[in-house]
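Asker: mind looking at a prediction? Sequence and model below.
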Amino acid sequence: MNEDNITRLTVNDKELILIGTAHVSKSSAEEVKHVIESEQPDSVCVELDEQRYQSVMDSDRWKNMDIFKVIREKKATLLFMNLAISSFQNRMAKQFGIKPGQEMIQGIESAESIGADLVLADRDIQTTFARIWGNLRFGGKAKLITSIFGSVIVQEKISEAELERMKKQDTLNAAMHEFSQAFPRLKEPLIDERDQYLAQKIKEAPGKKVVAVLGAAHIPGILKEIEHEQDLKKLTEIPKKSLLPKIIGWAIPLAIISVILYTFLNNPAAGLEQTISWLLWNGSLSALGAAIAFGHPLAVLTAFVIAPLSSLNPLMAAGWFSGFVQAYIRRPNVGDLEVLSDDVQSLKGFWQNKVTRVLLVVILTNIGSTLGTFIGGADVLRLFFENL
């Protein structure tokens, strides 16, 4: 057993034993088993929320996915991010021949075997995603999606010796420093807030002796927060959306419509040219996005037709419509759902699986529509000023 990965402390007359793990390391799972069986704690805390607990315990969870519901609830991008992030962990796990999250599964099984209370100590993943997304501006969101998607493309291999070195606190602190520089708005909800949440849940775990199975990256933060009382209600609040994006979302289409109407009244030929420019830029770029996702021709056509209209209504998105058409014509079957976790481990798999194909159609159609709005809107203004 490597004592370097284990931190022992006493808080409020409770003995707390924190195990810092790498989420795909064989030795981490073995270490968790040894510590729990030898220490015989009253409680075992694991770095999981209810949703991820169900995920690691039920490998067939994807079979129950309703892709239409995902699109309808506007969760296509979040699901895509979730799949892309898990693909990196799954590839590493496959390289080492271990099931992803095995150390958490081992913690659950060992807690059951000794009769200890199991505590799901992490914050709900949807709350974390919502707070991450709410903390990013448009540029940050684009950068985050690009970085996550890049992790699918880059197929790096890492040695288990390197993986063990990642568990050292000094290395992790340096990595977290670089991470916070790249995404300063993302570090707080993803790392800092969860450190606070985990620290409080560990302190509140029943019994006098508690073992906590945690990703090593959280250990320094938890040690910093463990002596302080945290407001769990505040940490689980969904941030209210700013009114500014809504105002801008309505202001742009209203301005474009006003400019085109004004031009039509004064110069019908120029107004017609503006309208054609708006339709072509929006429709073409949105359709191009659907085509890049290898969407069905009808999904591509839907993107072309809907985008110029949806861009003038912030309550609509062209990707929803093209995604529904794609899902209806190329409906994912049980086989696609069964191999989803394997397919997302490669770029080719993302495009081949019917589930992720639908998500790509939604996302890339919307990206094309957004680009079309800015370029088409700029061209409408150009023609307006040329014909003043």
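Answerer: Nice, thanks for sending it over.
Asker: any idea how far Y262 is from I363?
Answerer: Remark: distance between I363 and Y262 (Cβ to Cβ, to the nearest Å) = 35 Å. All C-beta atoms are positioned from the backbone trio N, CA, C, and that covers glycine.
Asker: mind checking which of these two has more residues around it?
Answerer: The residue with more neighbours, out of I363 and Y262, is I363; 20 against 13, by other Cβ atoms under 10 Å.
Asker: now that one: which helix or strand?
Answerer: helix 354-386 (DSSP states H and E).
Asker: endpoints of stretch 235-245, how far apart?
Answerer: 24 Å (Cα to Cα, to the nearest Å).
Asker: what's it in contact with?
Answerer: When contacts are defined by Cβ atoms under 8 Å, 6 or more residues apart in numbering, stretch 235-245 is touched by residues 123-124, 127, 130-131, 134-135, 193, 196-197.
Asker: for L223, give its distance to L18.
Answerer: Distance from L223 to L18, by Cβ to Cβ: 8 Å.
Asker: same question, S27
Answerer: Distance from S27 to L18, by Cβ to Cβ: 17 Å.
Asker: check A378 too.
Answerer: 54 Å.
Asker: what of L78?
Answerer: In terms of Cβ to Cβ, L78 sits 30 Å off from L18.
Asker: which of these two has more neighbours?
Answerer: Higher neighbour count among L78 and L18: L18, with 24 against 18, using other Cβ under 10 Å.
Asker: mind checking the SS state of that one?
Answerer: strand (DSSP: H, G, I helix; E, B strand; the rest coil).
Asker: again with T7
Answerer: Once three-state DSSP is applied, T7 turns out strand.
Asker: who does the residue nearest to it when sequence neighbours are not counted form a beta bridge with?
Answerer: Spatial nearest neighbour of T7, chain neighbours left out: L18 (4.3 Å); criterion: Cβ to Cβ, 6 or more residues apart in numbering. With DSSP bridges applied, L18 shows beta-bridge pairing to T7, A212.
Asker: any idea how far L381 is from the closest residue to G249 other than its chain neighbours?
Answerer: Excluding the flanking residues, the one nearest G249 by Cβ to Cβ, 6+ apart is P314, at 3.6 Å. For P314, the distance to L381 equals 19 Å [Cβ to Cβ].
Asker: cool, and L118?
Answerer: 60 Å.
Asker: neighbour count for the two, which is higher?
Answerer: L118 (18 against 14).
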